[in-house]
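Asks: Here you go, sequence then predicted model.
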Amino acid sequence: MPRLSDTMEQGTLVKWHVKEGQQVESGQVLADIETDKATMEMPTYDAGKVARIVCETGSNVAVGETVMILAEEGESIEEAIKSVGAEASEGESGAGAEHAAESKSKAPAAAKPAQAAGSAAAAAAAPSPGAGTSNGAGSASGASGANGAAGRMLVSPLARRIAEENGLDLKSIKGSGPQGRIIKRDVLAALGQSDETGESETAAAPAAPGAAAAPVSMPAAPLGGKVALSNMRQTIARRLVESKNTIPHYQVSVSVNADPLLDLRGTLNEQLKSQNVKLSVNDFLVRACALAIHQHPHFNAAWKGDSLQIGERINIGVAVALPEERGGGLVVATLRDADRKGLRQISAETRALADKARGKGLSLEEMSDSTFTISNLGMYEVDFFTAIINPPNAAILAVGAAMKKPVVRNDELAVGHEMSCTLSCDHRIIDGASGARFLQTLKQLLENPATLLV
Amino acid sequence: MGAAVATRQIQFREAIREAMSEEMRRDKRVFLMGEEVAQYQGAYKVSQGMLDEFGEKRVIDVPISENGFAGLGVGAAMMGLRPIIEFMSWSFSLVAADQILNNAPKMLYMSGGQFGCPVVFRGNDGAGGQLGSTHSWAVEGLFANVPGLRIVIPSTPYDAKGLLKTAIRCDDPVFFLESERMLGNKGPVPEEEYLIPFGKADIKRAGGDCTLVSFGRPVHFCLEAAEKLAEEGIECEVIDGRTIRPLDMDTIIESIRKTNYCVVVDQSWPFGSVASEVATQIYERAMDHLDNRVYRVCSDDVPAPYSKNLEQAMLPNPGKIIKAVRQAMYLE
């Protein structure tokens, strides 16, 4: 099982795309693997013939375990299986690593003896499956865990002891010491304890599924009973608890007159119909938020303990709920440089990302580096809700539906569309008045939507 | 600091004098011998007035002949006396290396227990200030390597007096390392008699963030560094080892269990230094309590320069200690 994300410890084999006996080419997708982040494709780095599929669909396998055996050119299936078995027993005697790397047959995961399962040392010493392809992202040992020095995890003795005492897996921790050494404060941070030296950044994965309070969609099941947690559900749980526990949230709301926006959108979509462009309300929101951040740079900040890091680029995260048939959950797709893109480009990119998220899943890159997040439940006719901040963002915007309501326009009662925008802010970074001013800017932009076109 | 809070402030040199005088009054076997200790009242006025009180049979001037009078001290101790042999500087003790390293510490062993060697060698150790490399020895790293002897290195008048009295009563040879730069330092010393046992470190400053271990004069540099770091909220625990042999590792380990970080400050040269030994014993006993390696601040690995600025740059100082603490705590 290759390490497909930097925090991945195990993966679920969602689907095999190949069969035993099938010839495969280098780069061909062998299987879909669900990690703690997303469902990802597992490619092969070597051409050959599928000798044996070891790991059944639906099984949950630790990183480093053998999932299949690949026979090289000129190698028979029997030989390949036999040689992997031989490596495994050599590995047990502690001398297997190099032999395995030299061996002709390639298992797309380290040929790690099953008996030694759970031994971190064995996993670390396991040879790269792509044999020789040193830094393949899909290789089991090519990814050196969360630690800096390739293949070797640097941990201070104290950090190691605290982790052991608390049953914490060091592989899940990012070290802040020299060369990425894991030190006391990293372990304490991972355990959620405060450390008086207090400088460490949270060991946050770059793009764990975020925060928006989209509906929790569990797989449809009869009432009662126990549902096993998917990797993604566990990650969502961990990250949101961390967010709510460490970030002092508060909310500010504003009601936006959505009539001009809906009118403009209708006009534009009518005109762009022939070009197959259909702008959503959310596309306008993404652009409006990006422009508003220009006037309120603290909304692009990340809390660093003793300082604020103001992001140079404005990357808007858009929360995407995943279909229930794929296990549900949600991810935050990142629209990079949203302030420098027009509505049409924002629309196309958002649609592509959302489709990919709901399909085969987003890459880490596509979920990384957001600086501000939008969660929109308008399509569910929600009129008002609050969202949980997606760390390390400073704020998140929760957007309801543009509802038809009795409204006062020009001192007269009329029927119009109102849309609620509720901002959750990190009070360490943004005070209430600042939050209100941001919403004021946003409201002006949305109520005068022509400004979003230029 | 002992049970009673002392109000009397005396100089380091007076504390040493009081220890010697009190022990000479108490025990007629004790005598003082060295260059200029009698007629001149001591090259650094440590023995001022002692010739008058004890007479020339017990306060004895000797010519410049370290190997001779150190050997005389060893012989006197073997025959039942309790000599205090003063080296004007420990740099000059090297002339007497065979007596002090090869004879005194091994006498009990070599004689099959027939002869002990209860002698105290004492004098100035460490850089005195522009004395040049041959006169600026810090001998603790060198001599601590020798089994059979005790090495005492006090940092305050109080510790100096209590430890010197223990040294004079000790049945083993004791090397007592003073500092020319500290002889004028004043500190509280009670009137009443007290002794300080060997092998008991003293926590000169309590703190929970980083352990500083030192001996002799550099203890003051540590305290200075600790005060500066405290302004930033970093609380160092400053442990004064007081004796190098025996070494009170228990106190050091207990502190590291609390702080997880340690800097050892030692005026000997880094290679095979006292600091190296302390660090090694920390690794042997407290590895799982360390969040970083032990940092050492020693004299630079060069002969002591004569130039004032270079000499200061070569010795341990508060700036170097502050930097080491920051590195040890991953603050830089």
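Replies: Sure thing, it's come through. Residues are numbered from 1 along each chain as shown, chains lettered A, B, ... in the order given.
Asks: Would you map the helices across chain A?
Replies: Applying DSSP state H to chain A gives helices spanning A:77-92, A:96-102, A:120-125, A:157-165, A:184-190, A:231-246, A:259-272, A:281-295, A:343-358, A:364-367, A:432-447.
Asks: Check the spacing between the residue nearest in space to the middle of chain B and residue B:281 real quick.
Replies: Centrality entry for chain B: nearest residue to the mean C-alpha point is residue B:153, 1.2 Å, by CA atoms, centre = their mean. According to CB to CB, to the nearest Å, residue B:153 and residue B:281 sit 17 Å apart. Bear in mind the C-beta positions are built from the backbone N, C-alpha and C, glycine included.
Asks: One more: residue B:203?
Replies: Taking CB to CB, one finds residue B:203 at 18 Å from residue B:281.
Asks: do residue B:84 as well
Replies: From residue B:84 to residue B:281 the distance is 31 Å (CB to CB).
Asks: pLDDT score assigned to residue A:58?
Replies: The confidence metric pLDDT takes the value 80 at residue A:58.
Asks: now swap in residue A:197 and tell me
Replies: For residue A:197, the pLDDT comes out at 39.
Asks: Same check on residue A:193?
Replies: For residue A:193, the predicted pLDDT is 66.
Asks: The strand of greatest length in chain B pairs with which strands, and in what direction?
Replies: Selection of the longest strand in chain B by residue count, based on DSSP state E, yields strand B:82-89. Applying DSSP bridges, strand B:82-89 is found paired with strand B:30-34 (parallel), strand B:120-124 (parallel).
Asks: where does the stretch 151-300 of chain B dip in pLDDT?
Replies: Within the stretch 151-300 of chain B, no stretch has pLDDT under 70.
Asks: oh, I was asking about chain A
Replies: A:6, A:83-151, A:193-222, A:325-327.
Asks: Spit out the contact partners of residue A:251.
Replies: Neighbouring residues of residue A:251 by CB atoms under 8 Å, 6 or more residues apart in numbering or on different chains: A:386, A:422, A:423, A:424, A:425.
Asks: which one of those is nearest chain B?
Replies: residue A:425 (28.7 Å; CB to the nearest CB).
Asks: Contacts for stretch B:309-316, please.
Replies: Contact with stretch B:309-316 is made by B:127, B:129-130, B:136, B:218, B:221, B:265-267, B:297-300, B:302, B:304-305, as judged by CB under 8 Å, 6+ apart.
Asks: pLDDT of that stretch, averaged?
Replies: Averaged over stretch B:309-316, pLDDT sits at 95.
Asks: Quick one: distance of that stretch to the chain centre.
Replies: 20 Å (CA atoms, centre = their mean, to the nearest Å).
Asks: can you give me the angle whichever helix in chain B runs longest makes with strand B:82-89?
Replies: In chain B, assigned by DSSP H, the helix with the most residues is helix B:12-26. Angle, helix B:12-26 to strand B:82-89, by axes from the mean of the first three to the mean of the last three CA atoms, to 10 degrees: 160 degrees.
Asks: Which neighbouring elements make contact with helix B:12-26?
Replies: Counting contacts by 3 or more CB pairs under 8 Å, 6 or more residues apart in numbering or on different chains; DSSP states H and E, helix B:12-26 packs against strand B:30-34, helix B:50-54, helix B:157-169, strand B:186-188.
Asks: Can you name the next helix or strand after the last one?
Replies: Scanning the chain past strand B:186-188 towards its C-terminal end, the next helix or strand to appear is strand B:202-205 (assignment: DSSP states H and E).
Asks: didn't residue A:341 look like it was pressed against residue A:335?
Replies: Yes. Residue A:341 is in contact with residue A:335 according to CB atoms under 8 Å; the separation is 7.4 Å.
Asks: Can you check which residues contact both of the two?
Replies: Counting by CB under 8 Å, 6+ apart, the shared contacts of residue A:341 and residue A:335 are residue A:349.
Asks: and the two? which has more neighbours close in?
Replies: residue A:335 (24 against 20; other CB atoms under 10 Å in any protein chain shown).
Asks: Give the closest residue to the more buried one in space, chain neighbours not counted.
Replies: residue A:316 (4.8 Å; CB to CB, 6 or more residues apart in numbering or on different chains).
Asks: check contacts around the one you found.
Replies: Contacts of residue A:316 by CB under 8 Å, 6+ apart are A:286, A:289, A:290, A:334, A:335, A:338, A:370, A:371, A:372, A:373, A:374.
Asks: now do 7 Å
Replies: Contacts for residue A:316 were tallied using CB atoms under 7 Å, 6 or more residues apart in numbering or on different chains; they are A:286, A:289, A:290, A:335, A:338, A:370, A:372, A:374.
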